[in-house]
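**Q** Dropping a prediction and its sequence here:
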Amino acid sequence: MGTRTVVGVYRFLLTPRWWGINIFVVLAIPFCVFMGSWQLGRFEDRVEDHRAAPGQSAAARASEARPLAELLPVTKDTSGKRAEATGRYAEQFLVPERKLDGERGFYVLNLLRTDGGPALPVVRGWLPGDPGRTEVPAAPDGEVTVTGALQASESPGSDGARTAGGLPAGQLGMISAATLVNLVPHDLHNAWVTLDRADGGMTPVPAAAPQNTGLDLKAFQNLGYTGEWFVFAGFVVFMWFRLLRRETEALRDAALGIPEDSGTAVVAPSTAPAASTASGAPASSTAPASSGSAGPGGPRHPEPASRTVDQDAGSAPV
C-alpha cells in the first residue's frame, strides 16, 4: 500500500464543511485581536488623561477668560477653562449635600439670562450648613458679567450628585440641563460655570476634574474586555486544531479498517448461586462413578444389591 501524502491526508480541508470552518476562523481571529487592541487603547487613553488632568486643571485656571460661545460644547479640552458671559440673574436654586474641604454645605446656583441665548446655570458660591437654615445672599441686580470655570453638566456618577427625589421646592440634586428643563421656562446651556470670585461672602466652588479622566470602573472594564477578546482569539485557534486532530484521527482509523465505535465484547461470568443440599452443603458439580458403572462412553449397569442371611438363624446365602 503506497504512502499517503500530506495533501492526501488533509484533503478534507477542502470540503464545504471545512470551508465554512476555515472562513469563520480567518474572520474571527482578526476581529478579536482588533477589538482587544481597541479596548487596550481606550484603557491607555484613560490612564494618560488621569496623569494629565492635574496639569490641565492648573493651566485652565491660569488661562485668559474666553467668551462662552467659543468654549461650547464642553469637552475634555474645554472643561475647566475660564469662560465669560454677560446677562441678568434669574431663578435661584440651592444644591444640598455638597462638601468643601470636608465640611458639609450647599451650592447657591442662579440662572444667568443672556441676551438672545439660552440661560446659563452659574454657581455663585458655597455656604456651610443646611439649605433653609442658612441665610443666602441675594443675587446682584442688573446686568452682570461673570467669569468662572466652565463645567460639563453633572451625571448620576458625578461626585456629590443626588438622584433620589424628595427634595423641597427650590432645591436640586444634580446640576444639569436635564434636571432644570422641567423647572424653568427657558432654554438652557448644557453646561454651567462656577465663579472665580464668589459674591456675598460665599466661598468659591473649585472646578471639578473633567469627566472620564480618572482611573474609574470604566477604565478597568476596558482592561477586562481587552483580556476577554484576546482569550476569545486563542480559543478559536485551539478549537480549530482540536477539530483538525479529531478529523485526522477518524480518517486514519477508517483507512486501517477500524470501525468508529469498535470494541471488544466481554462476557461476564455467571453469577447464579450453586444449589445447596438439604443439609446446607453445596452440591458437587460431579458425582463419583459407582463401582458398577462403565467407563466413559460405555453402558452403565446398576450394581446388584448383595443379600446375606443371618447364619445364626440357619439360613444359607442365596
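**A** Now that the structure is in, tell me what you want to look at.
**Q** other SSEs contacting the longest helix seen in the chain?
**A** The longest helix of the chain (DSSP state H) is helix 16-62. Applying 3 or more C-beta pairs under 8 Å, 6 or more residues apart in numbering; DSSP states H and E, one finds that helix 16-62 contacts helix 217-255. All C-beta atoms are positioned from the backbone trio N, CA, C, and that covers glycine.
**Q** just checking, what packs against the helix it packs on?
**A** By 3+ C-beta pairs under 8 Å, 6+ apart, helix 217-255 packs against helix 16-62.
**Q** Give the rounded mean pLDDT of the helix it packs on.
**A** On average, the pLDDT along helix 16-62 is 84.
**Q** which element follows it toward the C-terminus?
**A** strand 66-67 (DSSP states H and E).
**Q** Now Leu127, what are its backbone angles?
**A** Backbone torsions for Leu127, taken as degrees, to the nearest 10, come to phi -130, psi 140.
**Q** what residues are up against it?
**A** Gly105, Phe106, Val108, Thr134, Val136, Met202, Thr203 (C-beta atoms under 8 Å, 6 or more residues apart in numbering).
**Q** so Gly160 sits right up against Lys99, yeah?
**A** Yes: look at Gly160 against Lys99 with C-beta atoms under 8 Å: they come within range, at 7.0 Å.
**Q** More neighbours: the two, which one.
**A** Each of Gly160 and Lys99 has its neighbours counted (other C-beta atoms under 10 Å); Gly160 has more, 16 against 13.
**Q** can you pull the pLDDT of the more buried one?
**A** 73.
**Q** Return the residues in contact with it.
**A** Glu97, Arg98, Lys99.
**Q** what secondary structure does it sit in?
**A** Following DSSP: H, G, I helix; E, B strand; the rest coil, Gly160 is assigned to coil.
**Q** where does it fall, phi/psi-wise?
**A** Per-residue torsions, Gly160: phi 90, psi -10 (degrees, to the nearest 10).
**Q** Show me what the lengthiest strand in the chain is packed against.
**A** For the chain, the strand with the greatest residue count under DSSP state E is strand 82-100. If contacts are counted by 3+ C-beta pairs under 8 Å, 6+ apart, strand 82-100 sits against strand 66-67, helix 68-71, strand 103-114, strand 119-128, strand 143-152.
**Q** nearest to Ala254, of the ones you listed?
**A** strand 143-152 (67.7 Å; C-beta to C-beta).
**Q** chain center to that closest one, what's the gap?
**A** 41 Å (C-alpha atoms, centre = their mean, to the nearest Å).
**Q** Mind listing the strands that strand pairs with, and their directions?
**A** strand 82-100 (antiparallel), strand 191-195 (antiparallel) (DSSP bridges).
**Q** now the angle from it to helix 16-62?
**A** 150 degrees (axes from the mean of the first three to the mean of the last three C-alpha atoms, to 10 degrees).
**Q** Can you list the buried residues in strand 143-152?
**A** Neighbour counts over strand 143-152 (16 or more other C-beta atoms under 10 Å) mark Val144, Val146, Gly148, Ala149, Leu150, Gln151, Ala152 as buried.
**Q** Of the residues you listed, which is the nearest to Ala219?
**A** For the buried residues of strand 143-152, the nearest to Ala219 is Ala152 (18.2 Å; C-beta to C-beta).
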